[in-house]
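>>> missing the sequence, but the structure's below:
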Ligand SMILES: Nc1ncnc2c1ncn2[C@@H]1O[C@H](COP(=O)(O)OP(=O)(O)OP(=O)(O)O)[C@@H](O)[C@H]1O
Ligand SMILES: [Mg+2]
């Protein structure tokens, strides 16, 4: 277990105290009506995000990270359906917005960056048209002012020679540059919240680190809150203030990054942390090192969804589902054994 809990290196200061709650998600549930039954992809998720705060969402493949993120902008495609919950942003429920009100929020107040920058950019439009579009639509800027702001945006995301690159087509840029263009589009209108769903997975390791640094810098500079979906616990340590761990459509643990790394309380979180490679600089593997497989979301077991794979489960765990309970002021876990189990050996680097 040595090195398993290596302390995160970068100092992370919490966002300005008193900045206030930006987003409050309550009891969000999303279902897919599939042939094999009702798939509960997101099953009662609640969390808050402070203004300017960076929250990492981690969890195995299929745990509901993308569906949860996309549902905040009502982007879950048919047959997915938001069946419960609210997501209040500045007094507006994102889940209830319709028509123009929804379009106004998307791309202005809340924006999203996806995994694959090639499919997210329109191949037949020049970079300029794509970066200028949100500026024209949401801020009502004329062509000249929009272009000036687009140059500013490209420069902000570290694209050299912004004037020339604005006139390029997406295929003329490298993968890393395309992801920077998407980020430029996403932050052009200075949103309050940026949702980034595995924005670096398609990129090589050095570029990944640069993109994460870039997002962190922009978040600091503009005060933008970021929800960052990732498989990579190493990136979590460098980037986020807080981390929420998802399992089978629920948040099973949430807390400050330092606290989660030093004192994980859910056995699933411990498993995820154990999958961080011990050797510095080695590319972390996907988090699939916990024995067993996640449950079928169309036939969730009674009790805790993790019980069948859990090394410390007791009889009660298969009978009653544990609620997400507060263990310390900022740290919650959904585990009947959270208090009973001792923390693993922690070795501070
Ligand atoms: N179109 C669909 N039809 C039926 N079920 C779906 C559909 N899309 C997603 N799901 C279900 O929703 C669950 C959550 O999917 P989601 O894409 O949010 O997982 P994820 O945590 O983002 O995984 P990954 O890390 O692989 O991106 C999946 O387990 C899947 O069963
Ligand atoms: Mg996903």
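Received the coordinates, thanks. All values derive from a computational prediction rather than experimental measurement. Ligands and ions are numbered 1, 2, ... in the order given.
>>> Within range of ligand 1, give me the residues from the stretch 151-300 of the chain.
Along the stretch 151-300 of the chain, the residues adjacent to ligand 1 under the rule C-beta under 6 Å from any ligand atom are residue 297. Yep, even glycine has a C-beta here, placed from its N, CA and C like the rest.
>>> Which helix or strand contains the residue in the chain sticking out farthest from the centre?
The C-alpha centroid of the chain is most remote from residue 144, which lies 34.3 Å away (C-alpha atoms, centre = their mean). Secondary structure assigned from DSSP states H and E places residue 144 in helix 143-156.
>>> which of the residues in whichever helix or strand comes after that helix are buried?
With elements assigned by DSSP H and E, the helix or strand that comes after helix 143-156 is helix 162-166. Neighbour-count burial for helix 162-166 flags 162, 165, 166 (criterion: 16 or more other C-beta atoms under 10 Å).
>>> same check, this time on stretch 223-241
Buried residues in stretch 223-241, counted by 16+ other C-beta under 10 Å: 223-241.
>>> Equivalent analysis for stretch 98-113, please.
105, 106, 107, 108, 109, 110, 111, 112, 113.
>>> Which of the residues you listed scores worst on pLDDT?
Of all those, residue 107 carries the smallest pLDDT score, 85.
>>> Next up, phi/psi of it, please.
For residue 107, the backbone dihedrals are phi 90, psi -10 (criterion: degrees, to the nearest 10).
>>> Show me where this protein dips below the pLDDT cut-off.
Low-confidence segments of the chain (pLDDT under 70): 1-19, 117-118, 276-289, 340-349.
>>> State which helix of the protein is the longest.
The residue-count maximum for a helix in the chain (DSSP state H) belongs to helix 205-222.
>>> ok, and what's touching it?
Applying C-beta atoms under 8 Å, 6 or more residues apart in numbering, the set of residues contacting helix 205-222 from outside is 52, 54, 156-158, 175-176, 179-180, 183, 187, 190, 194, 196, 199-200, 203, 224-226, 228, 232, 235, 238-239, 283.
>>> Mind checking what helix or strand follows it in sequence?
Per DSSP H and E, the first helix or strand lying C-terminal to helix 205-222 is strand 225-229.
>>> Quick one: name whatever helix or strand follows that following strand.
Proceeding N to C from strand 225-229, the next assigned helix or strand is helix 233-239, under DSSP H and E.
>>> can you pull out the helices in the chain?
Assignment of helices within the chain using DSSP H yields the ranges 65-71, 99-105, 117-120, 127-139, 143-156, 162-166, 175-187, 205-222, 233-239, 257-262, 267-274.
>>> show me what contacts residue 83?
The contact partners of residue 83, taken as C-beta under 8 Å, 6+ apart, are 29, 30, 31.
>>> nearest to ligand 1, of those?
Taking C-beta to the nearest ligand atom as the measure, ligand 1 lies nearest residue 30 of the contacts of residue 83, at 7.9 Å.
>>> Just grab the bridge partners of the closest one for me.
Applying DSSP bridges to residue 30 gives these bridge partners: residue 42, residue 82.
>>> Next, the buried residues of the longest helix of the chain.
For helix 205-222, using 16+ other C-beta under 10 Å, the buried residues are 207, 208, 209, 210, 211, 212, 214, 215, 216, 218, 219.
>>> how about the nearest residue to residue 319 once chain neighbours are set aside, phi and psi?
Computed as C-beta to C-beta, 6 or more residues apart in numbering, the closest residue to residue 319 that is not its neighbour in sequence is residue 303, at 5.1 Å. Dihedral pair for residue 303: phi 80, psi -150, per degrees, to the nearest 10.
>>> pretty sure residue 303 contacts residue 310?
No - applying C-beta atoms under 8 Å, one finds residue 303 not in contact with residue 310, separated by 10.4 Å.
>>> Give me the more crowded residue out of those two.
Using other C-beta atoms under 10 Å, the more surrounded residue of residue 303 and residue 310 is residue 310, with 22 against 18.
>>> Where does the stretch 201-349 of the chain get nearest to ligand 1, residue-wise?
The nearest approach of the stretch 201-349 of the chain to ligand 1 comes at residue 297, 5.0 Å away (C-beta to the nearest ligand atom).
>>> Just give the number of residues close to that residue.
23.
>>> How about residue 77?
Using other C-beta under 10 Å, residue 77 has 8 other residues around it.
>>> And it, how close does it get to ligand 1?
Distance, residue 77 to ligand 1, by C-beta to the nearest ligand atom, to the nearest Å: 7 Å.
>>> ok, now which ones touch that residue?
Counting by C-beta under 8 Å, 6+ apart, residue 77 has no contacts.
>>> still on that earlier bit, and the buried residues of helix 162-166 as JSON lines, adding distance to residue 151?
Conversion of these to JSON lines gives the following (distance: C-beta to C-beta, whole Å):
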{"residue": "162", "distance to residue 151": "5"}
{"residue": "165", "distance to residue 151": "9"}
{"residue": "166", "distance to residue 151": "7"}
